[in-house]
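K.L.:
Let's see this in three dimensions:
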Amino acid sequence: MANYTVKQLARLSGVSVRTLHHYDEIGLLKPSFVGENRYRYYGREELLRLQDILFYRELGVPLADIPRLIETDGRDRLAILAEHRTMLADRVKRSRQLLRTIDRTIADIKGEETMTDKDMFTGFDEAKQAEYENWLVDRFGGDTRKRIEASKAGLASLDKDVLAARLAEGKAASHALADAFKAGTEAEDPAIDPLLQRHHAWIAAMWNRECSPQAYVGLSVLYLENADFRATFEREREGFAEWLSAAMKAYAARLEAA
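P.N.:
Take a look at the predicted model:
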């Protein structure tokens, strides 16, 4: 069985050398051995462990929780893989439904197809939405439930063209911030304030109310603590969720100080 250097494993797995070094430093993925040339070498067991890590990351599990899951899980590997497959198959099924809804919405806007109001929401999981809402209420309490209902009512009242444009704006705002992260911009750098201002304004529009600095900080916490939100941002690039949360907090602090 072949052994791989860090660079070889990076090319094989698509995980950056920097990330593999970080996994080694925190004890998440140690090399099989270090050669006399001081190169790290990874064998079959390390490849399987890296696959487990990547599965858990794809499912939105925070990096700090993965060692506990890997080390304490005594189940047969085939059973673990079967569980991963079931969860990913469910996600693929839902993604296909959402893609179909998006395609039909585009066709409807172009006048090529007519959708009913109910068709516009095909693929959006009501149980998952309720799970998000309950999580928010449990986490932040107060009048959170009332604010959620007000936000939903505001979105429901929008013309479908307006709603589609608003969702596209949110995606564009997030991608712009992801590009800044990929370019190596520090999260606390005021130079990205125009990007954060755009994101902050979009949040207020989606909430149908003002987004105070404190509320923006609360949202930054949600992005880290909720596995689904975290996974969404991590798909842009590993570490983006932490960076975005820190950037939002820094921006909120500057708003309060202004």
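
K.L.:
Mark out where each domain of this structure begins and ends.
P.N.:
Each domain of the chain is listed here as a residue range: 4-70, 75-124, 125-257, per automatic domain parsing.

K.L.:
mean confidence score for the second one?
P.N.:
Yep, that's domain 75-124 we're talking about. For domain 75-124, mean pLDDT is 66.

K.L.:
re the thing from before, averaging pLDDT over each of the domains of the chain, which comes out lowest?
P.N.:
Minimum mean pLDDT among the domains of the chain: domain 75-124, a mean of 66.

K.L.:
thinking again about what came up before, as JSON lines, the domains of the chain with mean neighbour count would be great.
P.N.:
Heads up, the C-betas are built off the backbone N, CA and C, glycines and all. Formatted as JSON lines, these follow (neighbours: other CB atoms under 10 Å):
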{"stretch": "domain 4-70", "mean neighbour count": "15"}
{"stretch": "domain 75-124", "mean neighbour count": "12"}
{"stretch": "domain 125-257", "mean neighbour count": "15"}
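
K.L.:
Using CSV, write down the CA coordinates of stretch 51-59.
P.N.:
The C-alpha coordinates for stretch 51-59 follow below in CSV (Å, rounded to 0.1, in the frame of the first residue of the first chain):
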residue,chain,number,x,y,z
GLN,A,51,-12.4,10.5,4.5
ASP,A,52,-14.3,10.4,7.8
ILE,A,53,-13.2,13.9,8.6
LEU,A,54,-14.4,15.2,5.2
PHE,A,55,-17.8,13.4,5.6
TYR,A,56,-18.4,15.0,8.9
ARG,A,57,-17.3,18.4,7.6
GLU,A,58,-19.7,18.0,4.6
LEU,A,59,-22.5,17.3,7.1
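
K.L.:
What are the contacting residues of that stretch?
P.N.:
For stretch 51-59, the external contacting residues (CB atoms under 8 Å, 6 or more residues apart in numbering) are 13, 15, 23, 28-29, 63, 65-66, 69-70, 80, 84, 87-88, 227, 231, 234, 238.

K.L.:
In helices, which of the residues you listed appear?
P.N.:
Under the assignment DSSP state H, those contribute Ser13, Tyr23, Ile66, Leu69, Ile70, Ile80, His84, Met87, Leu88, Ala227, Ala231, Glu234 to helices.

K.L.:
What values do phi and psi take at the closest residue to the third one other than its chain neighbours?
P.N.:
Distances taken as CB to CB, 6 or more residues apart in numbering put Tyr56 closest to Ile66, at 4.9 Å, once the chain neighbours are dropped. As for Tyr56, its main-chain torsions (degrees, to the nearest 10) stand at phi -60, psi -40.

K.L.:
same deal with Phe33?
P.N.:
Backbone geometry at Phe33, expressed as degrees, to the nearest 10, gives phi -160, psi 160.

K.L.:
Please apply the same query to Tyr42.
P.N.:
Dihedral angles of Tyr42 (phi, psi; degrees, to the nearest 10) stand at phi -120, psi 130.

K.L.:
ok, back up a step: distance of the residue nearest to Ile66 relative to Tyr4?
P.N.:
For Tyr56, the distance to Tyr4 (CB to CB, to the nearest Å) stands at 21 Å.

K.L.:
So the residue nearest to Ile66 versus Leu28, what's the distance?
P.N.:
According to CB to CB, Tyr56 and Leu28 sit 10 Å apart.

K.L.:
Now list whatever residues contact both of those two.
P.N.:
Counting by CB under 8 Å, 6+ apart, the contacts common to Tyr56 and Leu28 are Ile66.

K.L.:
For this structure, which segments count as helices?
P.N.:
6-13, 17-25, 44-58, 66-72, 77-109, 126-140, 144-156, 160-182, 193-207, 213-225, 227-234, 240-257.
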